[in-house]
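Colleague: coordinates only, sequence not included:
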């Protein structure tokens with residue numbers, strides 16, 4: 001049995017997580033800026049950006065899931081000190097992601113309207129959503145490039161560059177949003193189309209930066225990186241054996257949230273606008289949880305690669321404690337200033353007041369999420385991604401049934417509909433905990 005004295009310290013966990021937190025903060029400036037600016041254009045645009053954005057992200061998560069699978073493999077090879085294999089994983093993943101990006105681009109370009117038409121009641125929201133997607137989809141290729149290098153840097157626990165990359169993307173998006181949504185600095189006033197174009201261009205700028213940084217700063221020979229040889233189906237298949245379940249899991253998760261918003265849309269444009277504000281604020285406040293989840297995933301895979309499976313549970317416990325301390329502080333501070341935070345997204349006093357009760361619901365849900373996400377990422381980090389997919393499927397199914405009952409069948413207020421988040425996190429926590437405690441994950445070999 002390996003000694004537990006060498007498990008990563010709280011300081012080491014924090015050093016890995018902080019750049020991911022900062023990068024996610026900067027990336028979410030894109031989401032906050034779009035929502036805040038469009039909230040001043042109109043409620044239709046605010047609701048449409050939620051639907052169009054979630055539809056795009058649901059497809060984007062297919063690539064993100066592949067990147068997480070690559071990250072698990074990169075971390076495992078990093079733990080084994082098999083550095084040359086990391087480049088082969090990365091290069092072949094680029095081939096796969098660019099092909100996937102082309103398929104998704106064509107799907108949205110030709111069929112987005114047909115897919116959204118049966119789901120949206122409001123003609124105005126439908127038109128604005130399709131306008132958004134028409135321009136937003138151009139960013140998918142650059143987004144997938146960013147995903148791949150994010151997997152490389154997190155998998156090798158060299159996360160500092162992610163902060164710089166995200167700051168560049170956020171800065172570009174704020175400037176372009178202000179210019180293109182409202183028609184400032186001599187640019188045309190494009191409204192929701194401008195928000196989509198701004199997001200796509202900012203992804204392109206950040207992609208150029210992170211690839212340039214990698215070529216200049218990383219020891220390409222050590223990792224056998226960017227050789228761009230012939231396509232190796234064996235490497236892609238190995239990555240897909242892990243990634244396909246993560247891809248489906250992330251798609252299912254975001255598609256579930258998309259369906260949740262379709263349920264909300266049936267309640268009216270005001271309820272949809274409130275929910276989009278909540279969604280944007282929720283994602284920002286989730287940032288530390290997502291960052292510590294990525295750290296958990298990478299550390300678990302690294303220590304298994306080092307031949308230290310007994311470190312897995314202590315690492316998960318240590319990350320969970322640190323994560324709860326951080327997110328608890330965020331929740332405590334936010335609970336005292338709800339109107340100030342909501343006013344970032346809208347200046348409508350009535351809309352702010354109607355949003356506050358739902359804001360308090362998500363504050364308490366975040367405390368549950370702080371544990372659920374760490375446990376779930378622990379399952380993914382062991383490379384048992386098929387089990388993670390099954391856990392996600394069960395959780396999403398129950399979550400959507402509860403949401404439909406609350407919103408459509410019982411026709412309850414919007415804040416009570418959002419209490420379905422409690423159900424989601426409780427089930428996710430319980431199923432992940434039971435699997436980790438079973439020890440079945442030790443049998444997985446990749």
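Modeller: That came through, no problem. All values derive from a computational prediction rather than experimental measurement.

Colleague: residues in contact with stretch 122-132?
Modeller: For stretch 122-132, contacts defined as Cβ atoms under 8 Å, 6 or more residues apart in numbering pick out 44-45, 47-49, 51-53, 55, 112-113, 116-117, 120, 192-193, 195-196, 265, 269, 272. Where C-beta positions appear, they are placed from N, C-alpha and C, glycine not excepted.

Colleague: in that stretch, what counts as buried?
Modeller: 122, 125, 126, 128, 129, 130, 131, 132 (16 or more other Cβ atoms under 10 Å).

Colleague: With stretch 92-101 instead?
Modeller: Here stretch 92-101 shows 92, 93, 94, 96, 97, 100, 101 as buried, counting by 16+ other Cβ under 10 Å.

Colleague: Return the closest of those with respect to residue 35.
Modeller: The nearest member of the buried residues of stretch 92-101 to residue 35, counting by Cβ to Cβ, is residue 101 at 25.0 Å.

Colleague: circling back: would you list the buried residues of stretch 92-101 in TSV and tack on pLDDT?
Modeller: Formatted as TSV, those follow (pLDDT from 0 to 100):
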residue	pLDDT
92	93
93	93
94	93
96	94
97	95
100	95
101	95
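
Colleague: So which of those are in helices?
Modeller: Members of these lying in helices (criterion: DSSP state H): 92, 93, 94, 96, 97, 100, 101.

Colleague: nearest residue to the fourth one other than its sequence neighbours?
Modeller: If you skip the residues right next to it in sequence, residue 96 has residue 236 as its closest partner in space, 5.5 Å away by Cβ to Cβ, 6 or more residues apart in numbering.

Colleague: What is the burial count for the one you found?
Modeller: Residue 236: 17 surrounding residues under other Cβ atoms under 10 Å.

Colleague: Tell me which helix or strand it sits in.
Modeller: Using DSSP states H and E, residue 236 sits within helix 233-265.

Colleague: helices and strands around that helix, which ones?
Modeller: helix 43-80, helix 83-116, helix 269-285, helix 385-404, helix 414-417 (3 or more Cβ pairs under 8 Å, 6 or more residues apart in numbering; DSSP states H and E).

Colleague: let's see 6 Å
Modeller: Counting contacts by 3 or more Cβ pairs under 6 Å, 6 or more residues apart in numbering; DSSP states H and E, helix 233-265 is packed against helix 43-80, helix 83-116, helix 269-285, helix 385-404.

Colleague: closest to residue 346 out of those?
Modeller: Closest approach to residue 346 among the helices and strands packed on helix 233-265 (Cβ to Cβ): helix 269-285, 6.5 Å.

Colleague: model confidence over the helix or strand that that closest one is followed by, on average?
Modeller: The helix or strand immediately downstream of helix 269-285 is helix 287-305, counting by DSSP H and E. For helix 287-305, the mean per-residue pLDDT is 88.

Colleague: got the angle for helix 287-305 vs helix 233-265?
Modeller: 150 degrees (axes from the mean of the first three to the mean of the last three Cα atoms, to 10 degrees).

Colleague: In contact with the residue nearest to residue 200 when sequence neighbours are not counted, which residues?
Modeller: Distance criterion Cβ to Cβ, 6+ apart; nearest residue to residue 200, sequence neighbours excluded, is residue 139 at 3.4 Å. Contact analysis of residue 139 by Cβ atoms under 6 Å, 6 or more residues apart in numbering lists 199, 200, 203.

Colleague: Tell me the buried residues within these.
Modeller: 199, 200, 203.

Colleague: so which helix or strand takes in the second one?
Modeller: Secondary structure here is read from DSSP H and E; on that basis residue 200 sits in helix 192-217.

Colleague: Can you give the distance of that helix from its chain's centre?
Modeller: 17 Å (Cα atoms, centre = their mean, to the nearest Å).

Colleague: got the buried residues for it?
Modeller: In helix 192-217, counting by 16+ other Cβ under 10 Å, buried: 192-207, 209-211, 214.

Colleague: Residue 14 - nearest residue in space that isn't next to it in sequence?
Modeller: For residue 14, the closest residue by Cβ to Cβ, 6+ apart turns out to be residue 322, at 6.7 Å.

Colleague: Distance of that neighbour relative to residue 159?
Modeller: 16 Å (Cβ to Cβ, to the nearest Å).

Colleague: more neighbours, those two?
Modeller: residue 159 (24 against 20).

Colleague: what residues are up against the more buried one?
Modeller: With Cβ under 6 Å, 6+ apart, residue 159 has these contacts: 16, 19, 20, 153.

Colleague: Just send the contacts of residue 139 back as CSV, with pLDDT and distance to residue 12 too.
Modeller: What follows is the contacts of residue 139, written out as CSV (pLDDT from 0 to 100; distance: Cβ to Cβ, whole Å):
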residue, pLDDT, distance to residue 12
199, 91, 34
200, 93, 37
203, 92, 31
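
Colleague: quick one on the thing from earlier: by neighbour count, which of the contacts of residue 159 wins?
Modeller: Using other Cβ under 10 Å as the neighbour criterion, residue 20 leads these with 26 neighbours.

Colleague: If you average the pLDDT over the helix or strand where that one lies, what comes out?
Modeller: Per DSSP H and E, residue 20 falls inside helix 10-38. Helix 10-38 shows a mean pLDDT of 79.

Colleague: same check, this time on stretch 44-63
Modeller: The model assigns stretch 44-63 a mean pLDDT of 81.

Colleague: Just give me the neighbour total for residue 218.
Modeller: 18.
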